[in-house]
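Undergrad: A structural model of the following input is requested.
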Amino acid sequence: MTAADPYAAQRALDAWVAERGYTLNLNPDFAWYQGWFPFQYAFRLARIGRELRAEFGEAALFLVEAFEADEVKRVAGEDRHLYCLVTSPKLTARVSIRAKSGGGLVNEVSRGLGSLLSGSSAGSMLGDPTFEQRFDVTTPSRDEGNRALPMALRQFLLQTSWRGILETRPSGLLMIPYDRRTFDVPTLEPVINNVGQLYQLATG
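TA: Model (predicted):
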């Protein structure tokens, strides 16, 4: 019986990156990612791993293995994420959303306690209780939040039962999917497609 190839996944990743014309960086700039903080919902970073870069017209994608600075989550195996940053001049408004379910056991417990204490009602930020029953929302103003979250984007997020964190600001968008966390081809391909869909709907 032949032993499993320990480098098979890396070779598959390298071949896929070359085929797509992407760039793989094994030593990305941690300070560059830190420079995007503070975010409303994105997890504080302890360190980062490999980075994938790609360009799509006016938009540039930076997708990195990110490890959260939370010891409880590290022990629970919930500290690893994919951070997908898109930079583009088409992004102009600020909003932060976070799915109310699917973030792992530690997140679910802390969010449940937070919602009990906050007292805010669904619809108080955007005037859209249907959307705000499923997502926590923070935005500088209702008008800016509604500009950042066009109806087509909201419909997509609701109809696909999307779970994760999405934060936009002038020139930047961050997506952290809850259900996809590994840095391999079967995960990265749908994640890149998904962040592309969200970007198109946010700027369309």
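Undergrad: Report the mean per-residue pLDDT for stretch 129-141.
TA: Taken as a whole, stretch 129-141 has a mean pLDDT of 95.
Undergrad: export that stretch as PDB, just CAs?
TA: The C-alpha coordinates for stretch 129-141 follow below in PDB (Å, rounded to 0.1, in the frame of the first residue of the first chain):
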ATOM      1  CA  PRO A 129     -36.500  43.900  10.000                       C
ATOM      2  CA  THR A 130     -36.500  40.900   7.500                       C
ATOM      3  CA  PHE A 131     -32.800  41.300   6.900                       C
ATOM      4  CA  GLU A 132     -31.900  42.300  10.500                       C
ATOM      5  CA  GLN A 133     -33.500  39.200  12.000                       C
ATOM      6  CA  ARG A 134     -30.700  37.200  10.300                       C
ATOM      7  CA  PHE A 135     -27.800  39.700  10.500                       C
ATOM      8  CA  ASP A 136     -26.300  42.000  13.000                       C
ATOM      9  CA  VAL A 137     -25.900  45.400  11.300                       C
ATOM     10  CA  THR A 138     -23.700  48.400  12.100                       C
ATOM     11  CA  THR A 139     -23.500  51.500   9.900                       C
ATOM     12  CA  PRO A 140     -22.800  55.200  10.400                       C
ATOM     13  CA  SER A 141     -26.300  56.100   9.200                       C
END
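Undergrad: so the residue nearest to residue 174 when sequence neighbours are not counted is in which element?
TA: Once flanking residues are discounted, residue 174 sits nearest to residue 167: 4.7 Å by C-beta to C-beta, 6 or more residues apart in numbering. Just so you know, the C-beta spots here come from the backbone N, C-alpha and C atoms, and that holds for glycine as well. Using DSSP states H and E, residue 167 maps to strand 164-169.
Undergrad: strand partners of that strand, parallel vs antiparallel please.
TA: If you go by DSSP bridges, strand 164-169 pairs up with strand 95-99 (antiparallel), strand 172-177 (antiparallel).
Undergrad: how distant is the first one from the center of its chain?
TA: What separates the centre of strand 95-99 from the centre of its chain is 10 Å, taken as C-alpha atoms, centre = their mean, to the nearest Å.
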